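> Predicted model, plus sequence, below.
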Amino acid sequence: MDFIFFSRFLNSPLDFNLTKYYNLFIMKIKSVIFDLDNTIYNYDYAHEIAFGALCEYAERMFGVSKDEFRALHRQAMEEQLARTGYECAAIHSRLIRYQIILEYLRQPYDLAPDMLNSYWPVFLQNLRPEPGIRDCLINLKRENYILGVGTNMTADYQYEKLKRLDMARLFDFLVTSEEVNSEKPDAKIFQYCAKKAGFPEARCAFVGDSFAHDITGARNAGMIPIWYCPAFDDHPASGNIGKENAAWTDTKRPNTIPDGVFLLRHFADLPALLRKINI
């Protein structure tokens, strides 16, 4: 390769440096893709507060205790799964879920949007980014990684979450399960992430908290899986406490880190981990 070829990828012919050369031409990983819920921000925290507000609404409107409502909610999620099937984003629709609850309670179905409005504004007001995530993303952008989000969920709320977190512009692309009509761990969502990144799956790393959905799915799709699990040493076999039934629960978390999977406990460590993988 000659200097003229290199200059196409540099800001100017005088901007040549070894770090930029390494990032552009040598490093194995070209793109880093992140799960959103419980990876970029703390889903469990926001959900517990918002679900408490929803329980208060149900108690006030229908005379249903919080424990009774939680049981109804779990039952409605199972019914929703039976109606929609797992491989579609409708499984995440709280509007459908609340409609089912109202059917159980023999209440007017058109109260479902009111129930939705008792949950989502509270949820969005309580988004907490994971420690170190913003600085990590900024550092990765400086190192010329293409950054993306690959997430199970309908697109509208995922857009709103990234907007509320003020992180949307830190990413180059977003892929939702609604967009591709496929839920992680199916390979399709990972393939579309690689397509939008502009690199083969083998040149993409995927960072996520769910071993069953993110890590197993990324590994099977040919990506480099990075498991975000800050509490791995403390609770190696526990499931995700914020996921509300078996369809969402991470029941396949291992006690040890399998070969080919990289453990990430803090986002401050991710740039160095990527450099280590790239050696």
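Yep, it's here. As the structure is a computational prediction, the values presented were derived from the model and not from experiment.

> Can you list the low-confidence ranges for the protein?
1-27, 234-253 (pLDDT under 70).

> Helices of that one, start to end?
With helices called from DSSP state H, the chain shows them at 3-7, 18-21, 43-62, 66-84, 94-105, 112-125, 133-142, 155-164, 177-180, 187-197, 216-221, 270-278.

> just checking, what packs against the third one?
With contacts defined as 3 or more CB pairs under 8 Å, 6 or more residues apart in numbering; DSSP states H and E, the packing partners of helix 43-62 are helix 66-84, helix 112-125. From N, CA and C alone the C-beta is placed, and that goes for glycine too.

> quick one, the longest one and helix 43-62 angle?
Orientation note: helix 66-84 sits at an angle of 110 degrees relative to helix 43-62 (axes from the mean of the first three to the mean of the last three CA atoms, to 10 degrees).

> could we number from 11 for the rest of this?
Happy to do that; since the first residue is 11 now, the last one works out to helix 76-94.

> Pull out the buried positions in helix 76-94.
In terms of neighbour count (16 or more other CB atoms under 10 Å), helix 76-94 has its buried residues at Phe79, Arg80, Leu82, His83, Ala86, Met87, Glu89, Gln90, Leu91.

> and what of stretch 148-161?
Across stretch 148-161, burial judged by 16+ other CB under 10 Å covers Asn149, Leu150, Tyr155, Ile156, Leu157, Gly158, Val159, Gly160, Thr161.

> what would the helices and strands packed on helix 53-72 look like in CSV with distance to Ile289?
Converted to CSV, the helices and strands packed on helix 53-72 look like this (distance: least, CB to CB, whole Å):
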stretch, distance to Ile289
helix 76-94, 44
helix 122-135, 41
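
> Nearest to Leu121 among the buried residues of stretch 148-161?
Within these, the smallest distance to Leu121 is 28.7 Å, found for Thr161 (CB to CB).

> Ignoring the adjacent residues along the chain, who's closest to the closest one?
Spatial nearest neighbour of Thr161, excluding adjacent residues (CB to CB, 6 or more residues apart in numbering): Leu46 at 4.1 Å.

> Quick check: that neighbour touching Gln168?
Yes: using CB atoms under 8 Å, Leu46 is in contact with Gln168, at 5.9 Å.

> Name the residues contacting each of these two.
Counting by CB atoms under 8 Å, 6 or more residues apart in numbering, the common neighbours of Leu46 and Gln168 are Val159, Thr161.

> from the buried residues of stretch 148-161, which is closest to Leu280?
Distances from Leu280 to the buried residues of stretch 148-161, taken by CB to CB, are shortest for Leu150, at 7.3 Å.

> ok, the closest one - contacts?
If you count contacts by CB under 8 Å, 6+ apart, then Leu150 has Val42, Leu157, Leu280, Pro281, Leu284 around it.

> And for Glu69?
Taking CB under 8 Å, 6+ apart, one finds Ser75, Lys76, Phe79 in contact with Glu69.

> Kindly reformat these as TSV containing distance to Ile267.
Output for these, formatted as TSV (distance: CB to CB, whole Å):
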residue	distance to Ile267
Ser75	42
Lys76	38
Phe79	38
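
> any idea which of these is closest to Lys173?
For those, the nearest to Lys173 is Phe79 (29.7 Å; CB to CB).
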